[in-house]
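In: Structure, please.
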Amino acid sequence: MFNPFKDTRNTYSSKRTLIAIICILAATFIGTYFLPPEVENFGFFSTVPAIFLIVYIFMTQRIIESLVLASLMGVIMVSRPVTVGEGTWISNTFSNFSDSLLATMMDEDIAWLIIVCGLMGSIISLIERSGGAYAFGEWVSKRAKTRNSSLIWTWILGILIFIDDYLNSLTVGACMTPITDRHKVPREFLAYVVDSTAAPLCVIIPISTWSVFCSRILEANEWAPAGEGLKYFIKTIPFNFYGWFAALIVPLVVLGIIPIVGPMKKAFKRVEEGGPLAPPGSEKIDIHAGTQMEIPEHPSIWNMVIPIAVLIAATVKIDMQAGVIITLAVMFVLYLAQGIIDAEEFIDIALEGLKNMILPLILMVLAFLFANVSKQIHFTLYVIETATALVSPKFLPLAVFIALSITEFITGTNWGMYIIALPIVIPLAVSTGADVTVAVAAVLSAGVFGSHICFYSDATVITSSACGCNNFDHATTQLPYGLMGAICSAICFLIAGIVMN
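Out: Presented below is the predicted three-dimensional model:
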């Protein structure tokens, strides 16, 4: 019987893989003859790449390969046979794939990701070399003397750094990994705790990059008057149920009130039996892997506190891109003034940290590429229209939450999904008489939940790289707790939909 959690990473030969890929692409080419003439009318066929992606990931656990194949399938579907003189089908397929990849790489969000996440890798490596992370670990170790207390400290630190989910995951993961390692905490569990205080908190706190982004979308879609987007975002906070549940379930699991279950239980068993803290394949994505940083003779906690404080302050005052650049400038002055490192070593360490972020960045680029292709075949639009077609206003928030959780789990780009979904959901709620605030909150919650448990979402990848945990294992071990929060959220959206209408 097929077991989706069985480790199959090393069971596929190169020849079998090649044959499988050829068969998949050939079947896709043949299947396009049965598609409707217009892309807008693909209907259920628009879900085929998404279904394939999830099945193939569970079967092979090779996420990069899965994303590339699923993207190719979508491109093949839109590259229909054309008349002579306009090119061939195959040339159009490769041309469209190239254009989609180029459009993805030129996207402002991708450029932002490369700059911010790449330089965050540099900041983390420099903090480690300065001895700041070591000194912080020593300080926390005196207060976190047990496994549970180290995890509660991780949760508290995650709550305190609420400005941005990337900043949260990278900072908390990098700082707390050495501490939880001392208490033999599986990396999967650390990643779960870190991930659950990143995006989930950003969607329920009005002072975050998420609140700014969502406020602008609400204004752009004319639900919120110009300049009042944040005010309307705040209205959704009580109804952003998944954010609340995801963050509150963590201490319940840490304290044993909610038991360790599923794949997470196997992770604890592996460590208890003397196995490694990280699951197989984690060294590929771990930003700490293979690096042995020299610690100064007298490490100071201020070498971590000052850069992080500057980063948070600059992010709040300007934005995160400016924040990472300003922070690097401050670190250059701070560390060279102390004589910890010289200018040449500063650059070398910064480049090493940047290099450590290459795999996470590639994963996120491919996730954005797949989302781009899914948009071309109207996947999200089809799911929303299907889920809400026969739904009354009272059940609209529940239907929106379920439908968009599925699409977000598959596409993995929460902000991208908000851009597509909110222009559909807001007028739909207005026209049907549903409560718009609850409907918008359902969209926001779905984006967090789907991204939270997706194997290749930015949230999963960034957290995995910071905690040194294979992103497939992070997603599968986190899944049961994510589903707990989702079920509780679905019940709340059902009740809110009935009460508010």
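
In: ok, and what's touching stretch 420-429?
Out: Residues from elsewhere that reach stretch 420-429 (C-beta atoms under 8 Å, 6 or more residues apart in numbering): 217-218, 221, 223, 375, 380-381, 384, 388, 393, 396, 400, 404, 407, 434-436, 439-440, 442-443, 446. Yep, even glycine has a C-beta here, placed from its N, CA and C like the rest.

In: Next step: the residues you listed restricted to strands.
Out: Using DSSP state E, no member of the contacts of stretch 420-429 falls in strands.

In: From those, which land in helices?
Out: Among the contacts of stretch 420-429, DSSP state H puts 217-218, 375, 380-381, 384, 388, 396, 400, 404, 407, 436, 439-440, 442-443, 446 in helices.

In: Buried ones among those?
Out: 217-218, 375, 380-381, 384, 388, 396, 400, 404, 407, 436, 439-440, 442-443, 446 (16 or more other C-beta atoms under 10 Å).

In: Can you pull out the low-pLDDT segments for the stretch 151-300 of the chain?
Out: Along the stretch 151-300 of the chain, the model assigns pLDDT under 70 to residues 289-296.

In: can you do 80?
Out: Where the stretch 151-300 of the chain drops to pLDDT under 80, the residues are 161-164, 166-167, 207-209, 212-213, 216, 220-222, 226-227, 286-298.

In: counting contacts, what elements does whichever helix in the chain runs longest pack onto?
Out: Longest helix in the chain by number of residues, with DSSP H as the criterion: helix 471-499. Applying 3 or more C-beta pairs under 8 Å, 6 or more residues apart in numbering; DSSP states H and E, we find helix 471-499 packed against helix 187-195, helix 241-254, helix 262-272, helix 396-411, helix 436-453, helix 458-467.

In: in that helix, what counts as buried?
Out: Buried, per 16+ other C-beta under 10 Å, within helix 471-499: 471-482, 484-486, 488-490, 492-494, 496-497.

In: contacting residues around Gly433?
Out: 393, 501.

In: And for Thr432?
Out: 392-393, 396.

In: Over to Tyr242?
Out: Taking C-beta under 8 Å, 6+ apart as the criterion, Tyr242 is in contact with 200, 203, 445-446, 448-449, 452, 485-486, 489.

In: can you do 6 Å?
Out: 445, 448-449, 485, 489 (C-beta atoms under 6 Å, 6 or more residues apart in numbering).

In: What distance do you get for it to Gly274?
Out: 37 Å (C-beta to C-beta, to the nearest Å).

In: Please enumerate the strands of the protein.
Out: Under DSSP E, the chain gives no strands.

In: Let me see the domain layout of it.
Out: Per the record, the chain has its domains at 14-104, 107-501, by automatic domain parsing.

In: Quick check: the closest residue to Gly229 other than its chain neighbours vs Tyr232, distance?
Out: Among residues not flanking Gly229 along the chain, Ser215 sits closest, at 3.0 Å (C-beta to C-beta, 6 or more residues apart in numbering). Going from Ser215 to Tyr232 by C-beta to C-beta gives 7 Å.

In: likewise Glu408?
Out: Counting by C-beta to C-beta, the gap from Glu408 to Tyr232 is 22 Å.

In: Equivalent analysis for Val436, please.
Out: For Val436 relative to Tyr232 (C-beta to C-beta), the value is 9 Å.

In: How about the contacts made by Ile349?
Out: Ile349 sits next to 125-126, 129 when contact means C-beta under 6 Å, 6+ apart.

In: any chance of the residues you listed in a markdown table, with neighbour count too?
Out: Listed next are those as a markdown table, based on neighbours: other C-beta atoms under 10 Å:
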| residue | neighbour count |
| --- | --- |
| Ser125 | 26 |
| Leu126 | 29 |
| Arg129 | 26 |
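
In: which one of those residues is nearest Ile63?
Out: Among these, Ser125 lies closest to Ile63 (C-beta to C-beta), at 24.7 Å.
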